[in-house]
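J.: Fold the following.
(one chain, ligands or ions: 2)
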Amino acid sequence: MRSIKIQKICCIGAGYVGGPTMSVIADKCPDLEVRVVDINKERIDAWNDSDLNNLPIFEPGLDRIISRTRGRNLFFSTEMEKSISDADMIFISVNTPTKTKGLGAGQASDLSWVEASARQVAKYAKGHTIVIEKSTLPVRTAQAIKEILKTTNRENQKNEIAKTFSVLSNPEFLAEGTAINDLEKPDRVLIGGEDSDAVDALVKIYLNWVPGEQIICTNLWSSELSKLAANAFLAQRISSINSISAFCEATGADVQEVAKAIGTDKRIGNQFLSAGPGFGGSCFKKDILNLVYLSGYFGLPEVADYWNQVVVLNTWQQDRIYKIVLEKLFGTVNGKNIAILGFSFKANTNDTRESPAIRISSDLLEEGAILSIYDPKVSFKRIEEDFEKISFNNQGIWKMANSIPEALKNVDAVLILTAWDEFFGLDWNYLASLMRSPAWVFDTRSVVDRKEIENTCINLWKLGEGN
Ligand code: NAD
Ligand code: UGA
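T.: Residues are numbered from 1 along each chain as shown. Ligands and ions are numbered 1, 2, ... in the order given. Predicted coordinates for the structure are as follows:
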């Protein structure tokens, strides 16, 4: 076996994965030079902002890592050509959203950004380069990347010294909000590839902080599929518990008690059993839809139907919540003030991609509601863009509030959609005095303890709590 010495790494894509992942690699491997490149100049400028509050993504612990690595061995730039040509190892960590048009629209992944990245690598790389799929990709994408690298390379090779490539798959399992902890103490690192020298070079990087027994090496296709399967299994658990939440409401059972009762069975496990307004985030839905598409492509329609149902139930859960709010408020929210607490898809992130708050809020706006939205980290601009992206017939008005009391002033109802720490243990006696009677609190995240509202005039509806 030939030992490949890695000195310079380049990561294409400075997003929620590329930024934190490369920050941790730079932190754990001070001898490596890590360059993160992106076509989005505004994003790169934000990564380079001297005020760490302006980093483009909020992730607990990220600012501390950036402050000790940036400018030392971690660099953010738009300088694609040099960063690629200097690198021994290149991570492709670009977006892979669901296709919106053409064959497979609505299900298949749009690989335009991955293909563009591979073409850039083929054009600018020098010598031998290890190319790593960090993005989540359909099974067998590595084959396409290999083809692009080979053919584009052939076209460019006339005037240049020979270049060679090894392609590996190294999917990322971090969750937003806990990304730094997930990267520093991963359950496992997964590496798929056929070139054992290249695999070994990547293993050596992770060995700087990950115990060897937690590094799993597989063939390329198992690695690519494992990432899609892991997300599908996680999302399936959420749809399962959400289906039970509706059952609880219909029968008088309590979903918290049911989750505890079933989760203590070690074979089931107690994680990922929190009922809520449905899963959001940029990946669960897109990755399952991709699995659905691939199942159809490979002639497995029953498999496709099985996984598709996880997404169907997720949308149903969001619609169910909006309809309950409507029903409890006497069938109309037209002209009524409603506070939305939490707009991000989960706590501890400013990410709103596929957040249940978008669908539920826009449904309420279609009914003519007046929303005051409070989220500790999500900006007005982000919410405005989210509403602009979806087509809906807005009959209402929305505004941002700067604090919880400001959001709740004169409202008929409060809808809690994200479990931010600051929403727990609120002074509901005081908050009830700001609201209009009969005041409703709709808690989809089990944030409010029934005891906290006992001496107030508030009516509390909790997701998954039957009467
Ligand atoms: P993102 O949209 O936050 O970031 C992607 C970045 O890539 C953008 O800044 C974009 O400008 C840049 N980019 C696109 N094409 C480029 C090109 N040709 N050259 C240079 N830059 C380019 O996406 P993300 O959330 O970081 O996700 C990236 C991938 O990782 C996706 O495949 C996703 O499924 C996967 N993933 C995401 C998460 C997560 O928590 N967000 C976790 C695990 C895996
Ligand atoms: C998820 C996976 O957890 C990561 O392993 C994966 O790397 C990532 O997707 C990805 O590929 O993008 P993320 O979406 O960031 O991470 O966050 P999760 O903690 O998984 O939460 C996803 C959604 O499910 C959130 O809306 C959350 O509120 C919801 N959820 C989660 C529940 O409703 N109940 C739960 O018990 C857990």
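J.: For the residue lying closest to E79 once chain neighbours are set aside, list each beta-bridge partner.
T.: Sequence neighbours aside, V37 is the residue nearest to E79 in space, at 6.6 Å (criterion: C-beta to C-beta, 6 or more residues apart in numbering). To be clear about C-beta, it is placed using only N, CA and C from the backbone, and glycine gets the same treatment. Assessed by DSSP bridges, V37 has beta-bridge partners I12, S77.
J.: got a list of what V37 touches?
T.: With contact set as C-beta atoms under 8 Å, 6 or more residues apart in numbering, V37 has these partners: 10-12, 14, 44, 76-80, 83-84.
J.: rerun at 7 Å
T.: 10, 12, 77-80, 83 (C-beta atoms under 7 Å, 6 or more residues apart in numbering).
J.: got the residues of this structure near ligand 2?
T.: 136, 172-176, 231, 234, 238, 272-274, 276, 279-281, 283-284, 345-346 (C-beta under 6 Å from any ligand atom).
J.: go with 5 Å
T.: Applying C-beta under 5 Å from any ligand atom, we find that the chain lies next to ligand 2 at 173, 175-176, 238, 272, 274, 276, 279-281, 283, 345-346.
J.: how near is A46 to ligand 1?
T.: 10 Å (C-beta to the nearest ligand atom, to the nearest Å).
J.: Other residues contacting the helix or strand hosting that residue?
T.: Assigned by DSSP states H and E, A46 falls within helix 41-47. For helix 41-47, the surrounding residues in contact (C-beta under 7 Å, 6+ apart) are 14, 19, 38, 54-56, 76-78.
J.: Scan the helices and strands of the protein for the one with the lowest mean pLDDT.
T.: Least confident helix or strand of the chain, by mean pLDDT, DSSP states H and E, is helix 141-156 with a mean of 84.
J.: hmm, that one touching ligand 1?
T.: No - against ligand 1, helix 141-156 shows no contacts by C-beta under 5 Å from any ligand atom, the least distance being 10.3 Å.
J.: Can I get that helix as PDB, trimmed to CA atoms?
T.: In PDB, the C-alpha atoms belonging to helix 141-156 read as follows (Å, rounded to 0.1, in the frame of the first residue of the first chain):
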ATOM      1  CA  THR A 141     -23.300   9.200  -8.300                       C
ATOM      2  CA  ALA A 142     -19.600   8.400  -7.700                       C
ATOM      3  CA  GLN A 143     -19.700   6.600 -11.000                       C
ATOM      4  CA  ALA A 144     -20.900   9.800 -12.700                       C
ATOM      5  CA  ILE A 145     -18.200  11.900 -10.900                       C
ATOM      6  CA  LYS A 146     -15.600   9.500 -12.100                       C
ATOM      7  CA  GLU A 147     -16.800   9.800 -15.700                       C
ATOM      8  CA  ILE A 148     -16.800  13.600 -15.500                       C
ATOM      9  CA  LEU A 149     -13.300  13.700 -14.100                       C
ATOM     10  CA  LYS A 150     -12.000  11.200 -16.700                       C
ATOM     11  CA  THR A 151     -13.600  12.800 -19.800                       C
ATOM     12  CA  THR A 152     -13.100  16.500 -18.800                       C
ATOM     13  CA  ASN A 153      -9.600  15.600 -17.900                       C
ATOM     14  CA  ARG A 154      -8.900  14.000 -21.300                       C
ATOM     15  CA  GLU A 155     -10.100  17.200 -23.000                       C
ATOM     16  CA  ASN A 156      -7.800  19.400 -20.900                       C
END
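J.: coming back round to it: for ligand 1, tell me which of the residues of the chain next to ligand 2 show up nearby.
T.: Okay, of the residues of the chain next to ligand 2 touching ligand 1 (C-beta under 5 Å from any ligand atom), that's 176, 283.
J.: and the residues of the chain next to ligand 2, which two are the farthest apart?
T.: F173 and G276 (20.7 Å; C-beta to C-beta).
J.: Alright, that wraps it up for me.
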